[in-house]
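S.K.: quick one: sequence and predicted model below, then my questions.
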Amino acid sequence: MRATAARSTNRGPSTNHHTLLPFANNLTLMPSSSAAPATHRLRLWWRRRGATAGAAAFVAALLAAAFVLTPSRDASAPGNTTSYPSYGHRLPKLVDLTLVDGAKEKGAVCLDGTPPGYHWLPGFGEGSDKWLLHLEGGSWCRNLTVCGQRKKTNLGSSDYMERRVEFVGILSDDELQNPDFYNWNKVKVRYCDGASFSGNVKDEFQDGTSFFFRGQRIWEAVMRELLSKGLSRAKEAFLTGCSAGGLSTYIHCDDFRALVPKASTVKCLADGGFFLDVEDISGRRYMRSFYNDVARLQDVRKKLIHCSSDLEPGQCFFPREVAKGISTPMFILNPAYDVWQVEHVLSPEGSDPERLWENCRLDITKCDSEQLETLQGFRKELLDAISEFKKKKDWGMFIDSCYIHCQSMNPLTWHSPSAPRINGKTIAEAVGDWFFNRREVKEIDCEYPCNPTCHNAVLSRPYKEA
């Protein structure tokens with residue numbers, strides 16, 4: 001990163017992704033690594049200063065290899081050469097897809113009627129009775145046209161899901177990459193309903209075409225199966241999610257707590273899922289309109305029963321409203337300059353007819369002074385929105401000043417020698433400290449460009465929205 005700031009405390013060495021999606025684990029505004037963002041390639045050129053010589057060489061090697069973050073894909077598929085680098089002593093574990101048994105009979109199906117799925121890596125040693133679940137992201141679909149398109153992808157059909165995926169970052173079983181949760185049972189729940197596991201529409205046909213809006217039933221079916229496989233006996237349990245999966249985590253956090261009443265510790269973490277209800281650069285509230293469409297299409301208001309009837313249905317879908325009713329301890333992991341939100345919340349399609357923001361959206365170092373001032377205002381909106389949750393002693397947060405989306409599923413940003421840090425702590429270290437009550441964690445970074453440990457995304461093309 002180009003910035004210099006003597007006052008920064010984020011120095012020293014410090015390490016997934018898979019899908020930078022604002023709608024999912026991939027920023028796929030369709031999203032697919034993690035909401036409705038469409039799967040696309042995201043090139044990350046990692047700008048750093050102040051790293052150790054070893055870390056610098058490590059990053060140089062990554063650059064030489066032209067490291068590109070993309071949505072997770074079937075590692076066994078012909079022609080697939082995408083793989084995550086290893087930050088421990090071995091390559092990432094490949095974990096098979098399991099389709100939920102009996103899901104179709106219960107109507108718990110993806111958009112196209114196929115059964116939902118998940119990937120389970122059993123725990124070992126002292127982690128054999130501990131469980132970490134990760135809800136995949138991948139944006140949302142706001143109308144039948146887009147939902148129809150998703151039916152032909154892994155975000156709408158298990159027929160298109162990778163049969164094996166790499167477990168990295170917070171899902172890694174490598175202690176060097178994932179020091180606090182490496183030996184836990186870990187599950188990646190695939191996202192294929194288009195509304196953050198929250199819709200439940202009984203009717204199958206919409207305008208004469210078959211659509212299944214059954215995210216709530218998918219949630220229940222997957223949890224039922226995992227409970228039978230040992231989750232019901234968990235001594236500690238952790239629900240996480242990225243992007244649209246992060247929003248799912250806010251929505252289902254208390255539900256998860258209720259499923260494991262015997263566990264001594266149950267907490268939740270939402271990564272890149274705190275989407276803001278703010279005006280875009282043209283003065284519209286584009287994201288509220290988007291969420292209104294999603295909420296009405298999939299009748300998610302039934303799930304969000306604590307939301308005021310005075311609010312529009314889309315307003316109830318924003319994390320700021322959902323989180324007000326959460327009683328389970330929650331960790332908010334978000335970049336202050338979320339690249340997906342800059343592109344689709346702050347400067348969405350139609351808001352910039354003269355394309356003045358085109359370069360800025362792709363690369364934060366290309367933003368002019370006026371655009372940077374707007375980005376600082378966006379950061380302030382985020383800090384204002386989470387201020388009420390900062391007061392909760394058992395909640396945690398890590399808000400860095402990086403230009404990125406979803407950091408827990410990226411081995412480079414989760415925990416590595418070159419990972420982003422606030423006050424000398426990587427995200428993995430901060431999350432572990434909070435989960436195990438080693439200290440109170442309320443890490444709020446300084447303004448861009450003060451943090452030299454940031455990994456800032458440089459997009460080769462705009463994220464596409466579903």
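M.R.: Nice, thanks for sending it over.
S.K.: the closest residue to D193 other than its chain neighbours: how many residues sit nearby?
M.R.: Distances taken as C-beta to C-beta, 6 or more residues apart in numbering place G215 nearest to D193, at 3.4 Å, with adjacent residues excluded. No exception for glycine: its C-beta is placed from N, CA and C like everyone else's. Neighbour count for G215, taken as other C-beta atoms under 10 Å: 29.
S.K.: same check, this time on S172
M.R.: Using other C-beta under 10 Å, S172 is surrounded by 30 other residues.
S.K.: strands of the stretch 301-450 of the chain, start to end?
M.R.: For the stretch 301-450 of the chain, the strands defined by DSSP state E, counting those that start in this stretch occupy 330-335, 396-400, 421-422, 425-426, 442-444.
S.K.: what score does the nearest residue to E388 once chain neighbours are set aside have for pLDDT?
M.R.: Excluding the flanking residues, the one nearest E388 by C-beta to C-beta, 6+ apart is K324, at 7.8 Å. As predicted, K324 sits at a pLDDT of 95.
S.K.: pretty sure K324 sits against S308.
M.R.: No: K324 is beyond contact range of S308, at 9.8 Å (criterion: C-beta atoms under 8 Å).
S.K.: neighbour-wise, which of those two wins?
M.R.: Using other C-beta under 10 Å, the more surrounded residue of K324 and S308 is K324, with 12 against 9.
S.K.: quickly note the distance from that one to R379.
M.R.: Applying C-beta to C-beta, to the nearest Å, the value for K324 to R379 is 22 Å.
S.K.: same deal with V260?
M.R.: Counting by C-beta to C-beta - V260 and R379 are separated by 36 Å.
S.K.: as TSV, the strands of the stretch 301-450 of the chain with mean neighbour count would be great.
M.R.: Shown next, in TSV, are those (neighbours: other C-beta atoms under 10 Å):
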stretch	mean neighbour count
strand 330-335	26
strand 396-400	24
strand 421-422	25
strand 425-426	24
strand 442-444	18
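S.K.: got JSON lines for the ones you listed, with mean pLDDT and distance to G148 too?
M.R.: Converted to JSON lines, the strands of the stretch 301-450 of the chain look like this (pLDDT from 0 to 100; distance: least, C-beta to C-beta, whole Å):
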{"stretch": "strand 330-335", "mean pLDDT": "98", "distance to G148": "31"}
{"stretch": "strand 396-400", "mean pLDDT": "98", "distance to G148": "37"}
{"stretch": "strand 421-422", "mean pLDDT": "98", "distance to G148": "43"}
{"stretch": "strand 425-426", "mean pLDDT": "98", "distance to G148": "41"}
{"stretch": "strand 442-444", "mean pLDDT": "98", "distance to G148": "42"}
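S.K.: reformat those as a markdown table; add distance to E373.
M.R.: As requested, those are exported to a markdown table (distance: least, C-beta to C-beta, whole Å):
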| stretch | distance to E373 |
| --- | --- |
| strand 330-335 | 18 |
| strand 396-400 | 19 |
| strand 421-422 | 23 |
| strand 425-426 | 29 |
| strand 442-444 | 20 |
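S.K.: who wins for proximity to N200 among the ones you listed?
M.R.: Counting by C-beta to C-beta, N200 lies closest to strand 330-335 out of the strands of the stretch 301-450 of the chain; the figure is 23.5 Å.
S.K.: name the helices or strands packed onto the closest one?
M.R.: Counting contacts by 3 or more C-beta pairs under 8 Å, 6 or more residues apart in numbering; DSSP states H and E, strand 330-335 is packed against helix 244-259, strand 265-271, helix 369-390, strand 396-400, helix 427-435.
S.K.: and W120, helix, strand or coil?
M.R.: Classification of W120 by DSSP: H, G, I helix; E, B strand; the rest coil places it in strand.
S.K.: hey, what's the most centrally placed residue in the chain bridged with?
M.R.: Central residue of the chain (C-alpha atoms, centre = their mean): C242, 1.4 Å from the mean position. C242 forms beta bridges with D271, as assigned by DSSP bridges.
S.K.: surely it is in contact with C406?
M.R.: Yes: contact criterion C-beta under 8 Å: C242 and C406 qualify, at 4.2 Å.
S.K.: would you map the helices across the stretch 101-250 of the chain?
M.R.: Counting by DSSP state H, counting those that start in this stretch, the stretch 101-250 of the chain has helices at residues 144-150, 215-228, 244-259.
S.K.: count residues in the vicinity of the closest residue to G432 other than its chain neighbours, would you?
M.R.: Nearest non-adjacent residue to G432, counting by C-beta to C-beta, 6+ apart: D180, 3.6 Å away. Here the count is done by other C-beta under 10 Å, and D180 has 20 residues near it.
S.K.: quick one, phi/psi of the residue of the chain lying at maximal distance from its centre?
M.R.: In the chain, the residue that sits farthest from the middle, by C-alpha atoms, centre = their mean, is G208; the gap is 33.6 Å. Here is the backbone geometry of G208 (degrees, to the nearest 10): phi 80, psi 0.
S.K.: ok, it - contacts?
M.R.: Listed by C-beta atoms under 8 Å, 6 or more residues apart in numbering, G208 has no contact partners.
S.K.: next one: it, what pLDDT does it get?
M.R.: 86.
S.K.: same deal with the one 10 residues further on?
M.R.: I218 carries a pLDDT value of 98.
S.K.: the one 10 residues further on now?
M.R.: pLDDT for S228: 98.
S.K.: also F205?
M.R.: pLDDT, F205: 82.
S.K.: list the contacts of the closest residue to it other than its chain neighbours.
M.R.: Computed as C-beta to C-beta, 6+ apart, the closest residue to F205 that is not its neighbour in sequence is F211, at 7.4 Å. Neighbour list for F211: 111, 144, 147-148, 151, 204-205 [criterion: C-beta under 8 Å, 6+ apart].
S.K.: which among those residues gets closest to K366?
M.R.: Comparing these against K366 with C-beta to C-beta places C147 closest, at 34.3 Å.
S.K.: run a quick neighbour tally on that closest one.
M.R.: Close neighbours of C147, defined as other C-beta under 10 Å, add up to 28.
S.K.: that one touches L155, doesn't it?
M.R.: No: counting by C-beta under 8 Å, C147 sits too far from L155 to count as a contact (9.8 Å).
S.K.: overlap of the contact sets of those two?
M.R.: Residues touching both C147 and L155 (C-beta under 8 Å, 6+ apart) are G194.
S.K.: what distance do you get for the closest residue to F167 other than its chain neighbours to G127?
M.R.: Spatially, and ignoring its direct neighbours in sequence, F167 is nearest to K93 (4.9 Å; C-beta to C-beta, 6+ apart). Applying C-beta to C-beta, the value for K93 to G127 is 14 Å.
S.K.: ditto for L297
M.R.: Taken as C-beta to C-beta, the span from L297 to G127 is 40 Å.
S.K.: neighbour-wise, which of these two wins?
M.R.: Neighbour totals were compared for L297 and G127, and L297 leads with 23 against 20 (other C-beta under 10 Å).
S.K.: thank you kindly, that will do.
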